[in-house]
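**Student:** Got a sequence here, can you model it:
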Amino acid sequence: MDLSMLVEKVKKHPDFDKAGMILCHNGVVRATSRDGRPVSEVTVRVDRMRLDAILAEIKAMPGIVEVLAHVNEGTLKVGEDVMYVVVAGDFRENVFDAMIAAVNRIKADVTSKTEK
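**Tutor:** Here you go, the predicted model:
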């Protein structure tokens, strides 16, 4: 799965004609932790059932046509893709709000990471 595949899937949504914007997020493994320690790799675990539940909640937000996400699970090196999120909706205010909610909730409630 890659970001362009998710965008193409969103464009095939039956209500896509209601969308005025597609916003994409591509999270990658950073070479330093939040506190500045060096990182060479990250092991990511995903709660797929929780991910599905969160995406359903985000899709119910005002003006949102579709929300898709893919999280790469396993051991990832610096620079590798961790998470893609694609949000399509009517107006930028709605799409930005949905993207921020989706990314924050996925990071907090769906994924767990161990840095090395």
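
**Student:** Going by C-alpha atoms from here, please, whenever you check contacts or count neighbours.
**Tutor:** Fine.

**Student:** three-state assignment of residue 100?
**Tutor:** helix (DSSP: H, G, I helix; E, B strand; the rest coil).

**Student:** I'd like to know how many residues surround it.
**Tutor:** Counted with other CA atoms under 10 Å, residues neighbouring residue 100 total 12.

**Student:** The closest residue to residue 101 other than its chain neighbours: neighbour count?
**Tutor:** Among residues not flanking residue 101 along the chain, residue 58 sits closest, at 7.4 Å (CA to CA, 6 or more residues apart in numbering). Counted with other CA under 10 Å, residues neighbouring residue 58 total 21.

**Student:** Check which residues of the helix or strand where residue 58 lies are buried.
**Tutor:** Assigned by DSSP states H and E, residue 58 belongs to helix 48-59. Residues 51, 54-55, 58-59 are the ones in helix 48-59 that count as buried (16 or more other CA atoms under 10 Å).

**Student:** Going by contacts, tell me the helices and strands next to that helix.
**Tutor:** strand 64-71, helix 92-109 (3 or more CA pairs under 8 Å, 6 or more residues apart in numbering; DSSP states H and E).

**Student:** And the buried residues of helix 48-59, which two are furthest apart?
**Tutor:** Spatially, the most separated pair among these is 51 and 59, at 12.2 Å (CA to CA).

**Student:** Okay, angle between the helix holding residue 58 and helix 92-109 too, please.
**Tutor:** 160 degrees (axes from the mean of the first three to the mean of the last three CA atoms, to 10 degrees).

**Student:** Helix 48-59 relative to strand 64-71, how many degrees between them?
**Tutor:** 160 degrees.

**Student:** quick one: helix 48-59 to chain centroid distance?
**Tutor:** When distances are taken as CA atoms, centre = their mean, to the nearest Å, helix 48-59 is centred 11 Å away from the chain's centroid.
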